[in-house]
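1. Here is a sequence with its predicted model. Questions after.
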Amino acid sequence: MTSEVLSEAYQRLHHAGPEWGENILTNHGPMAVEVLVRRGHAARVTGWLDRYLARLDDLPAARAAITDLNWREALGDERRIGDWTAYLTREVTEHPWRDVLGRWWPRLLPGIVAGTTHGVIRV
């Protein structure tokens, strides 16, 4: 039951960007539904998501392709969130996720404290 609730919640959050609103607030949806389920409140997830999703901005669209040759240029550029999402989605589609994680973990580790560690928390 709990894994089904989480899967559905993640699917509903899939379209949302990592930040939202004029004041650029962080999207805590994935972390919040995980906590609700793990703390025995799975029945509350659907209603909470119904309210929370209305606030969120859509995931930014990809603008320019990130490749194995140009990825360094895109590091840290918040305007490239859509590009990174497209690139890494393609990577885990074409390669086992553990291989992708093993390749990217050392590359991204130097920036671990950026964004108040939300990237690490989400992984």
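-> That came in fine, so what should we check first?
2. alpha carbons only for contacts and neighbour counts from here, please
-> Will do.
3. Identify the residues contacting stretch 92-100?
-> Under the contact criterion CA atoms under 8 Å, 6 or more residues apart in numbering, stretch 92-100 has outside partners E91.
4. got the end-to-end distance for it?
-> Start and end residues of stretch 92-100 are separated by 6 Å (CA to CA, to the nearest Å).
5. next one: stretch 6-23
-> End-to-end distance for stretch 6-23: 28 Å, by CA to CA.
6. From here on, call the first residue 301.
-> I'll keep to 301 as the first residue from here, and by that count the last item is stretch 306-323.
7. what sits up against it?
-> With contacts defined as CA under 8 Å, 6+ apart, stretch 306-323 is touched by 325-327, 329-330, 333-334, 337, 345-346, 349, 353, 355-360.
8. and it, how far from the chain's centre?
-> Its chain's average C-alpha position is 8 Å from that of stretch 306-323, according to CA atoms, centre = their mean, to the nearest Å.
9. cool, stretch 353-371 as well?
-> On CA atoms, centre = their mean, the centre of stretch 353-371 falls 11 Å from the chain's centre.
10. Next SSE downstream of the helix ranked longest in the chain?
-> Longest helix in the chain by number of residues (criterion: DSSP state H): helix 381-394. Where DSSP states H and E defines the elements, the next helix or strand beyond helix 381-394 is helix 397-408.
11. and that following helix with helix 381-394, angle?
-> Interaxial angle, helix 397-408 versus helix 381-394 (axes from the mean of the first three to the mean of the last three CA atoms, to 10 degrees): 140 degrees.
12. Could you list the buried residues of helix 397-408?
-> By neighbour count on 16 or more other CA atoms under 10 Å, the buried set for helix 397-408 is empty.
13. in the chain, which ranges drop under the pLDDT threshold?
-> By pLDDT under 70, the low-scoring segments of the chain are 301, 413-423.
14. Strands along that one, start to end?
-> Taking DSSP state E as the criterion, the chain carries its strands at 319-320, 325-326.
15. Export those strands as CSV, with columns for distance to E391 and mean neighbour count.
-> Formatted as CSV, the strands of the chain follow (distance: least, CA to CA, whole Å; neighbours: other CA atoms under 10 Å):
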stretch, distance to E391, mean neighbour count
strand 319-320, 23, 16
strand 325-326, 25, 13
